[in-house]
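**Q** Next come a sequence and a model predicted from it.
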Amino acid sequence: MAAVDWTAAITALTAGHLPCSGGEQRMLRLIASIAGGIPADLQDILTGIDDHNIQLLLKAVLHASGKRPSPQLP
């Protein structure tokens with residue numbers, strides 16, 4: 001079992017201590033929001049996510065809401 005300190009991760013990201021691409025930064029912010037309740041600006045974040053990561057995000061949102069992803073999701 002692993003635990004993530006989402007607040008520390010976002011603090012490190014904001015301070016420039018994590019070497020992430022723009023897409024990785026967006027995904028980290030989104031997942032920290034879903035998993036850790038950390039506020040995220042969806043308008044800013046969602047505009048730069050590629051198709052693969054959008055699919056992962058959809059699956060994560062469905063999982064977080066207690067639903068299973070549709071078999072049609074790649």
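**A** Received it, and whenever you're ready, just let me know what you need.
**Q** quick one: low-confidence parts of this structure?
**A** Applying pLDDT under 70 to the chain flags residues 69-74.
**Q** show me where it has strands.
**A** Secondary structure of the chain by DSSP state E: no strands are present.
**Q** right, and Arg29 touches Trp6 too?
**A** No: here Arg29 lies out of contact with Trp6, judged by C-beta atoms under 8 Å, at a distance of 9.9 Å. Where C-beta positions appear, they are placed from N, C-alpha and C, glycine not excepted.
**Q** Counting neighbours, go ahead and name the busier of these two.
**A** Counted by other C-beta atoms under 10 Å, Arg29 and Trp6 do not tie: Arg29 has more neighbours, with 22 against 18.
**Q** these two touch, right, Ile10 and Ile38?
**A** Yes: Ile10 lies in contact with Ile38 (C-beta under 8 Å); the separation is 5.6 Å.
**Q** any shared contact partners between Arg29 and Trp6?
**A** Jointly contacting Arg29 and Trp6 under the rule C-beta atoms under 8 Å, 6 or more residues apart in numbering are Ile38.
**Q** hang on, the earlier thing: find residues that contact each of Ile10 and Ile38.
**A** The contact lists of Ile10 and Ile38 share Arg29, Ala32, where a contact means C-beta under 8 Å, 6+ apart.
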